[in-house]
Structure formats: C-alpha cells, structure tokens
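Q: Got a predicted structure plus its sequence, pasted below:
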Amino acid sequence: MPTALAWSNVRSNRTSLVAAFTAITLAVMLVVGAGLLLTSAHGDGRLRDLMSLFAVTAGLSGFVSIFVVAGTLSLHVLQQRRTWGLLRAVGMTPGQVRRLVVAEALTVAAVACVAGSALAVPQASVTAAFLTRVGLAPGGFEVALAAPPFIVGAAVGIVVTLLAALTASRTAARVGPLEVLRDSAAPARVLPWRRAVVGLAALTGGGVLLRVTSTASLTDAVPLGVVVTMALCVAGSAFGPVLLRVVGGLLAAPIAALDPGPGALARAAVTVQPRRAAAVASPVMLTVALACTFVFAIAIADTSDGRERAGVQFWAVVLLIGTAVVYTMISVLNSTAMSMSTRTSELRLLRSTGATPRQLARALCWESLIATCSGTLVGTLIAVVSLGAVSLAGTGAPWFGFSLPLYLALVGLCAAGGVLGALLSTRRARRGSLVTG
C-alpha cells in the first residue's frame, strides 16, 4: 500500500520527480566518478598528487549531495502540506505519512542510482582523458572499472536519500488534518527549533575551525578552509529563512519602489514565505562559497609559494572541483522550478484581479533575483571569511587577490538559472487559460 501510493504521488508531481531524480542521479554520478578515478590511480606513484585531489573531490561530492538532496526533499515536503493534511483527514496516521514520504523518496532513489552509476563511467573517462591531455596525468592513464565505487555510490545515494527523507518526513507528519482547509501553505514557524540547533552547532564548529585554520601551516590551511566553508554553509542553510526575511527584505525595498506592482509582489513573496525563497538561495550560497573558496585558495597557495600555475593545469584543477559546483548550479534551476511549479492557482488569481502576464513575469524575475542575490551575499561572506583565514596562515595577512570576471560569471550563471527556472515553470499559469478543466 505505501509503495503503490508513493508511486502514484511521484507520478502526480512531475516537477518534483524530475528535480529529485536529477539531484540524486548527479550525486551518484559524482561520487562513483570520483571513486573510479581514485581506484584507477591507486598504486601508481606518478599519480600520487592527483590521488589527494581525487579524494578531495569524492569528499566534496558527498557533502554537496547531502546538501542538495536534503534541500530538494525538504522543499518537496513543504510544497505538499495540503496533500499530507488531506491524507491525515481521511484517516492516515503520522507514522503512515512518514513511511509514505520515505517510500516515495526511495522509489525515486532506486532508479536514480542506476542512472547515476551508468553516467559515471563516461564522466570519469572524459575527466581522465582531459587530465592526460593537459599533462597532469601520464600517458596511458585510463579509468579501470571496479565494483567498490559503484557500491559506495549506490550506498551514498540510498543512505543520503533515506536520511533526508526521514528528516523531511517529520515535517510532513506534523501537518494536521485541517491543513487542507487553510488558504495559505505558509508554515507557522519560520525557524523550527531543530533547524536552530543544527545552525548553532554548525556555526560554532565553523568558528572553532576558523581559528585553527588561521594558525595552521599553509598545506593544512587550504583543506581546513574548505571544511570551514562547508560548516558555515550548513549554518547558512539552517538559518536561511531568517536570513532571507532580513536580507531579502532589504534588497526588495528599492525594487518595490522602482517597480511598484511587480516589485511589491516579489517582496511579499520573499518576506511572507522565506522558507520557499531560502530553498532557492541555499544552492546559490553553496555554489558561490565553494567555488570561490577552492579557486582563490589555490591562488593564495601559489602566491605564498612564489609560483605561477600553468593556465591549463590551473583550469584542470578547477575542472575536478568544478563538477561538484556545476551540480549545485543545476540544483539552482531545480529548486527554482520546484518552488514556482505549485503556484499556478496563485498566479491565475493575480491574473483574474487584473495583473498582466508581463507584470507577473517581472514579479517572478524580481523574486528569483532577490533570492539569488541574497544567496550570493551570504555565500560571498562565507568565502571571504574562509579565504581570509587561509591567507592569514599563508601570508600573515587576511587580504587576498581574486578574479572579478570569474566571480561575476559565476553569479551571472546562478542568476540566469534562477530566472530561467522561474519563467519556464510558470509559463502556462502566466499565459494559459484562467479556467482549468
């Protein structure tokens, strides 16, 4: 019964299905791909330096997969509050709702693990060929298929999905039977106590590691700086709804003044439902923070050592780390599409009161840009703090150089992904018939 109902619910929420499937598939692909590269390089003394980079990539992929999959499932549960309320109203118990959420997530995860494992082989082969071409790997370096990476990747996909589903299922189980009668799906509490505890723990851990990083050797400071960024990203995501209500409100004020109608709608959407906006801002924050920390930490290390990394080799290192960053950028598009896809009735109501499709498009663009800019600001602050500690360890000063064009390109891609997801997922509601058949 739970499996059949889960499969029915999956098929009826196609946008959430595609988003969850994409998130889990890419997570498994990254973990298995990094594992294949690591096992292929094992035992070859010429690849000793690359092995550490492969290990970092595998660890980063695991962290990003947890972050993104948990965010995707949390957003899905948040959007289905009325569904859970309806099921409770017809007699389903909280325990049955929890099992339904878990069964639904594992149904998608099982298929996604197979797809991710299949995609990992060409992804790892292309990466190995590129590393050989630019001279970072010796000639003849090829990916050797082995069972352990596939087993680990599938385990990561299932376990991460299960943990995320168990966490999200608690939210679904707390929805009361009368939830279906509510006009608004906005949660009563912006920051539940569990999120507050997780955020404080991550913030405290990040602060302690920040102090350790600033006094460590440069060799240790670079990976420690990455760990600091991860911890602060967890804290930023936990406190995301509160940050969005404050930062998003400040960013939305001038927009509402410049474009009164659409700007006011965008401001209301961000401040009234900050958890929905935070679901879009969190992957942006993660993308900006991780990309800036990795790329500019390498530059700090090279400056401290008095060397210049060859351009192709520099971008080869960025490519290995960038696969995880690209994953988070895709999740920006996923999260935006998910957050907008359930707003059909809201947009049709606005159209029936006189709002034009052009005005609604502007409002959605403003809303997406507010969330993107909020995530960018928080991610930039996290990266600056981490890089300052790395620079202090390497050069004795917290100042460091950075590439403004690279930073702007990264932010531009995130903003474009958010706007594109918002416009595509709401096109029918903005332009279609006001009456549904």
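A: Arrived safely, thanks for sending. Numbers count the residues shown, from 1 in each chain.
Q: C-alpha only now, for contacts and for neighbours.
A: Will do.
Q: Give me the helices and strands touching the helix or strand hosting Gly71, please.
A: Element membership for Gly71 (DSSP states H and E) is helix 48-79. Counting by 3 or more Cα pairs under 8 Å, 6 or more residues apart in numbering; DSSP states H and E, the packing neighbours recorded for helix 48-79 are helix 14-41, helix 147-173, helix 274-305, helix 311-341.
Q: helices or strands up against the next helix or strand after the last one?
A: Just to be clear, that refers to helix 311-341. Using DSSP H and E, the helix or strand that follows helix 311-341 in sequence is helix 344-352. Applying 3+ Cα pairs under 8 Å, 6+ apart, one finds that helix 344-352 contacts helix 427-431.
Q: any idea of the mean pLDDT in the helix it packs on?
A: Mean per-residue pLDDT for helix 427-431: 64.
Q: State whether Gly263 and Gly249 are indeed in contact, as I suppose.
A: No - between Gly263 and Gly249 there is no contact under Cα atoms under 8 Å: 11.3 Å.
Q: which of these two has more neighbours?
A: Gly263 (25 against 20; other Cα atoms under 10 Å).
Q: For the nearest residue to the more buried one once chain neighbours are set aside, grab the count of nearby residues.
A: Among residues not flanking Gly263 along the chain, Ala256 sits closest, at 4.0 Å (Cα to Cα, 6 or more residues apart in numbering). Around Ala256 there are 19 other residues, counting by other Cα under 10 Å.
Q: so who does Ala256 touch?
A: For Ala256, the contacting residues are Pro262, Gly263, Ala264, Ala266, Arg267, by Cα atoms under 8 Å, 6 or more residues apart in numbering.
Q: And the pLDDT at the last one?
A: What the model reports for Arg267 is a pLDDT of 90.
Q: Once you drop chain neighbours, what's closest to it?
A: Going by Cα to Cα, 6+ apart, Arg267 has Ala252 as its nearest residue, at 5.2 Å.
Q: Let me know the secondary structure of Phe141.
A: With DSSP: H, G, I helix; E, B strand; the rest coil as the basis, Phe141 sits in coil.
Q: give me phi/psi at it?
A: Dihedral pair for Phe141: phi -70, psi 120, per degrees, to the nearest 10.
Q: who's in contact with Phe63?
A: Met230.
Q: Touching, Ala105 and Val160? I think so.
A: No - applying Cα under 8 Å, one finds Ala105 not in contact with Val160, separated by 10.4 Å.
Q: hmm, back to that, I'd like the contacts of Ala256 as CSV, with distance to Ala422 and secondary structure appended.
A: Supplementary listing: those in CSV, determined by distance: Cα to Cα, whole Å; DSSP: H, G, I helix; E, B strand; the rest coil:
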residue, distance to Ala422, secondary structure
Pro262, 14, helix
Gly263, 15, helix
Ala264, 17, helix
Ala266, 12, helix
Arg267, 16, helix
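Q: tell me the centre residue of this structure?
A: Pro283 (3.3 Å; Cα atoms, centre = their mean).
Q: Nearest to Val97, out of the helices and strands packed on helix 48-79?
A: Closest of the helices and strands packed on helix 48-79 to Val97 is helix 147-173, at 5.7 Å (criterion: Cα to Cα).
Q: The helix or strand following that closest one packs against which elements?
A: Using DSSP H and E, the helix or strand that follows helix 147-173 towards the C-terminus is helix 193-215. On a contact count with 3+ Cα pairs under 8 Å, 6+ apart, helix 193-215 meets helix 218-238, helix 357-395.
Q: just for the stretch 151-300 of the chain, where's the confidence low?
A: Under the criterion pLDDT under 70, the flagged ranges of the stretch 151-300 of the chain are 177-189.
Q: what separates stretch 32-51 from the chain centre, distance-wise?
A: 27 Å (Cα atoms, centre = their mean, to the nearest Å).
Q: burial count for Ile151?
A: Quick note: Ile151 (other Cα under 10 Å) scores 13 neighbours.
Q: Check the gap between it and Ala144 for me.
A: 15 Å (Cα to Cα, to the nearest Å).
Q: Gly354 too?
A: Taking Cα to Cα, one finds Gly354 at 62 Å from Ala144.
Q: With neighbour numbers in mind, choose between these two.
A: Higher neighbour count among Gly354 and Ala144: Ala144, with 14 against 10, using other Cα under 10 Å.
Q: just checking, the more buried one touches Leu36?
A: Yes - Ala144 lies in contact with Leu36 (Cα under 8 Å); the separation is 6.9 Å.
Q: I'm done for today, thanks for sticking with me.
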